[in-house]
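Peer 1: Build me a structure from this.
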Amino acid sequence: MLFLGNLNRTPRVHFSGIGGTGMVAGARLAVEAGWEVRGSDNPLYPPTSHMVQALGVPTYTGYVASNLDWEPDIVVIGNVLSRGNPEVEAVLERQLHYVSLPEWLKDAVLRRRRPVVVCGTHGKTTTTALTAFLLDRAGINPGFLIGGQPVDFPHSARLGPEAAPFVIEGDEYDTAFFDKRAKFLHYLPQIALVTSVEFDHGDIYRDLAEIERAFQLMLRQISQSGWLVLCNDDAGAVALRDHAHCHVLTYGCGPAADFRGEHLGMDSRGQQFRILKRGHPWGEFITPLAGRHNLLNSLAALATADLLGVGPEPLAAALRDFRGVRRRMEVFLEADGVTFVDDFAHHPTAIRETVLAAKSRWPDRRLWVLFEPRSNTTVTNRFQEELIEALRSADEVWIGPLYRAEQVPPEMRLDRSTLTKALSDQNVVAHYSDDITEIVARVQRHTGSRDLVLILSNGAFGGIYDKLQAAFTPVR
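Peer 2: Residues are numbered from 1 along each chain as shown. Presented below is the predicted three-dimensional model:
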């Protein structure tokens with residue numbers, strides 16, 4: 001537990017940057033643990049504003065030193081804040097006890113529980129939500145922290161009982177302005193699950209080797225009796241086996257996996273598959289989630305649940321009911337025969353798999369892809385060639401504006417003209433525009449019945465969702 005002195009009252013915690021996905025989840029855990037909680041952030045908008053409002057705690061709009069006058073015992077500083085922020089400066093000037101969110105979670109939550117840490121470049125949020133869901137349905141009552149909005153739980157975090165499994169999304173992004181280590185290095189894994197290891201977060205890591213090093217360091221925290229669960233279909237994940245000091249379990253679709261999935265087909269219920277556990281039949285399953293990547297996510301969650309003592313029969317029954325996470329292949333509008341789907345994919349591998357998943361789920365649809373280059377890596381030309389491959393299965397592609405393009409030197413920016421020309425050369429109708437209204441107008445004029453519009457963004461995409469809703473909803 002965090003040392004807070006000899007308090008004769010309820011401990012007080014202030015979350016600076018409470019609107020962050022992880023921060024609002026951490027605040028939820030603090031509320032459940034009985035702490036007195038307050039927070040602050042810039043003006044918030046749905047859905048984040050709704051998540052913060054649901055906490056029922058005092059929340060200040062804007063960052064000012066007076067927000068800390070209520071004398072919290074500890075200040076949790078979100079990783080979007082840095083020097084120059086009025087609250088950061090007040091914390092330092094007043095010598096208040098401050099920590100990062102991962103550090104607070106480590107001491108206030110995880111030390112008394114059995115951390116199951118879900119890591120990897122892709123699939124973390126869905127796999128975390130699914131693992132927590134399966135364990136919950138099996139009666140284990142896990143705690144969890146999910147880096148998104150799960151459909152099947154009322155909130156993105158739950159404390160759970162002490163000594164129970166706690167399923168937490170383990171991000172490799174840095175922790176705070178004063179702690180540049182990966183977040184997952186704070187999470188004390190008893191079971192660590194790694195879905196994939198690829199280059200990402202070009203603002204934090206110089207190359208793939210630095211990312212691999214972060215994962216290798218995380219493995220050093222697992223005891224000899226603990227487990228490392230690896231995707232055998234991903235070369236980066238498999239390479240971690242040589243750095244493990246614990247038991248290792250692999251999953252995948254290839255013959256060498258300990259938990260091997262065999263795809264059996266897709267129908268209106270979802271995709272069907274069977275699992276062979278070390279070569280022996282273990283069970284048959286249906287996941288409502290489309291795509292090979294979601295088959296792998298399901299295998300990961302099922303393998304982890306098996307390690308925690310849950311058998312295949314209750315897992316099969318539960319998996320059929322899993323409804324996923326907001327902004328992961330989420331249908332948010334259907335109008336005039338056109339289906340609009342939102343997805344968080346922004347790395348080329350995730351984009352490719354999401355596009356293929358959309359085509360498998362809606363095989364007879366003409367597929368439009370609207371992509372916002374928004375992450376700190378995709379706004380650069382680091383993935384220039386990979387994005388061609390990722391988008392080539394679409395019928396029509398529109399590339400939106402580069403997010404904060406002015407912060408990237410011109411010679412390092414993603415070249416949208418070259419990208420769209422390369423796609424056009426492969427018979428994909430491709431355009432780019434900085435004008436969201438132009439993109440919406442094109443969609444409105446040229447989509448027809450049974451078209452599918454897939455929007456890929458890890459942000460707001462210039463308000464495109466509201467603009468599409470307005471364009472395709474009749475005025476009454």
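Peer 1: Point out the other helices and strands that the lowest-mean-pLDDT helix or strand in the chain packs with.
Peer 2: Lowest by mean pLDDT, DSSP states H and E among the helices and strands of the chain is helix 48-53, with a mean of 87. Contact analysis of helix 48-53 by 3 or more Cβ pairs under 8 Å, 6 or more residues apart in numbering; DSSP states H and E lists helix 21-32 as its packing neighbours. Just so you know, the C-beta spots here come from the backbone N, C-alpha and C atoms, and that holds for glycine as well.
Peer 1: buried stuff in the helix it packs on?
Peer 2: Buried residues in helix 21-32, defined by neighbour count with 16 or more other Cβ atoms under 10 Å: Thr21, Gly22, Met23, Val24, Ala25, Gly26, Ala27, Arg28, Leu29, Ala30, Val31, Glu32.
Peer 1: Give me the next element, helix or strand, following it.
Peer 2: Per DSSP states H and E, the first helix or strand lying C-terminal to helix 21-32 is strand 36-41.
Peer 1: Which strands border that following strand, and is each parallel or antiparallel?
Peer 2: The pairing partners recorded for strand 36-41 under DSSP bridges are strand 12-16 (parallel), strand 59-61 (parallel).
Peer 1: Next, the angle from it to helix 21-32.
Peer 2: 160 degrees (axes from the mean of the first three to the mean of the last three Cα atoms, to 10 degrees).
Peer 1: quick revisit: mean neighbour count for the strands paired with strand 36-41 - can I get that in a markdown table?
Peer 2: Output for those, formatted as a markdown table (neighbours: other Cβ atoms under 10 Å):
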| stretch | mean neighbour count |
| --- | --- |
| strand 12-16 | 26 |
| strand 59-61 | 17 |
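Peer 1: So for stretch 403-422, mean pLDDT?
Peer 2: Averaged across stretch 403-422, the pLDDT comes to 93.
Peer 1: All the helices of the stretch 251-400 of the chain, residue numbers only.
Peer 2: Ranges of helices in the stretch 251-400 of the chain, per DSSP state H, counting those that start in this stretch, are 292-307, 312-319, 348-361, 384-391.
Peer 1: Least confident of those helices, on average?
Peer 2: Among the helices of the stretch 251-400 of the chain, helix 348-361 carries the lowest mean pLDDT (a mean of 91).
Peer 1: what's that one packed up against?
Peer 2: By 3+ Cβ pairs under 8 Å, 6+ apart, helix 348-361 packs against helix 292-307, strand 366-371, helix 384-391, strand 451-456.
Peer 1: tell me which residues in it are buried?
Peer 2: For helix 348-361, burial by neighbour count (16+ other Cβ under 10 Å) applies to 348-359, 361.
Peer 1: re earlier: tell me which of the helices of the stretch 251-400 of the chain sits nearest to Val167.
Peer 2: Set against Val167 and scored by Cβ to Cβ, those come closest in helix 292-307, at 8.3 Å.
Peer 1: sec struct for Pro401, please.
Peer 2: coil (DSSP: H, G, I helix; E, B strand; the rest coil).
Peer 1: circling back to that earlier point, distance to Glu93 and mean pLDDT for the strands paired with strand 36-41 - can I get that in a markdown table?
Peer 2: Compiled in a markdown table, those are given as follows (distance: least, Cβ to Cβ, whole Å; pLDDT from 0 to 100):
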| stretch | distance to Glu93 | mean pLDDT |
| --- | --- | --- |
| strand 12-16 | 14 | 98 |
| strand 59-61 | 18 | 97 |
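Peer 1: Distance to Val91 added to the ones you listed, as CSV?
Peer 2: As requested, the strands paired with strand 36-41 are exported to CSV (distance: least, Cβ to Cβ, whole Å):
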stretch, distance to Val91
strand 12-16, 8
strand 59-61, 14
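Peer 1: Quick one: closest of these to Ala163.
Peer 2: strand 12-16 (23.1 Å).
Peer 1: still on that earlier bit, quick one: which of the helices and strands packed on helix 348-361 is nearest Arg158?
Peer 2: helix 292-307 (16.7 Å).
Peer 1: Show me what counts as buried in the closest one.
Peer 2: Quick answer for helix 292-307 (16+ other Cβ under 10 Å): 292-307.
Peer 1: and the angle for it with helix 312-319?
Peer 2: 140 degrees.
Peer 1: now the strands: where do they sit in the stretch 1-150 of the chain?
Peer 2: Listed in chain order, the strands of the stretch 1-150 of the chain (DSSP state E, counting those that start in this stretch) span 12-16, 36-41, 59-61, 74-77, 98-100, 114-119, 143-145.
Peer 1: Would you mind putting the ones you listed into a markdown table with distance to Pro314 alongside?
Peer 2: Output for the strands of the stretch 1-150 of the chain, formatted as a markdown table (distance: least, Cβ to Cβ, whole Å):
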| stretch | distance to Pro314 |
| --- | --- |
| strand 12-16 | 36 |
| strand 36-41 | 35 |
| strand 59-61 | 39 |
| strand 74-77 | 36 |
| strand 98-100 | 37 |
| strand 114-119 | 18 |
| strand 143-145 | 18 |
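Peer 1: which stretch among those strands comes nearest His201?
Peer 2: strand 114-119 (13.2 Å).
Peer 1: Now do that closest one, average pLDDT.
Peer 2: 98.
Peer 1: what do you get for stretch 182-199?
Peer 2: Regarding stretch 182-199, the rounded mean pLDDT is 96.
Peer 1: next one: stretch 456-472
Peer 2: 91.
Peer 1: Which residue is the nearest non-sequential neighbour of the residue positioned nearest the centre of the chain?
Peer 2: The centroid of the chain falls nearest to Thr125 when counting by Cα atoms, centre = their mean (3.7 Å). Excluding its sequence neighbours, the residue lying closest to Thr125 (Cβ to Cβ, 6 or more residues apart in numbering) is Gly148, at 4.2 Å.
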